[in-house]
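1. how does the following fold in three dimensions:
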Amino acid sequence: MVAMSDDNKNSGLKDFAKAESMIQLAIIMPAACVIGWLLGALLDRWLHTDWIYVAGILVGAVAGFVQIYRVASGYMKDAK
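-> Residues are numbered from 1 along each chain as shown. I've put the predicted structure just below:
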């Protein structure tokens with residue numbers, strides 16, 4: 001069995017963290033839209049309306065974009 005040096009271990013962990021952040025970016029937007037849609041649909045049912053789900057989707061999309069921006073800007077800061 002070949003022993004790994006500390007540099008190789010740290011490099012592997014950094015690569016794993018980068019992959020995790022990319023997966024997070026891919027999941028954020030659909031999850032935010034679905035959560036907004038579900039909350040809007042619940043409010044529609046509770047308030048007997050039929051338009052709040054659209055607002056929920058839009059709010060979810062905006063929240064997803066904001067979170068993507070935060071993650072991406074943090075990633076760019078770390079890359080420098």
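
2. check contacts around the one residue sitting closest to the centre of the chain.
-> Centre of the chain computed as the mean C-alpha position; nearest residue by C-alpha atoms, centre = their mean is Ile28, 2.5 Å away. Shown in contact with Ile28 (C-beta atoms under 8 Å, 6 or more residues apart in numbering): 64, 67-68, 71. Any C-beta I mention is one placed from the backbone N, CA and C, and that applies to glycine too.

3. any idea of the pLDDT on it?
-> pLDDT recorded at Ile28 is 91.

4. and the contacts of Ile28, which are buried?
-> 64, 67-68 (16 or more other C-beta atoms under 10 Å).

5. in strands only, show me those.
-> If you go by DSSP state E, these have nothing in strands.

6. any chance of those residues in TSV, with distance to Val54 and pLDDT too?
-> Formatted as TSV, the buried ones among the contacts of Ile28 follow (distance: C-beta to C-beta, whole Å; pLDDT from 0 to 100):
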residue	distance to Val54	pLDDT
Gly64	16	94
Gln67	21	92
Ile68	21	89
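
7. so where's the longest helix in the protein?
-> helix 6-47 (DSSP state H).
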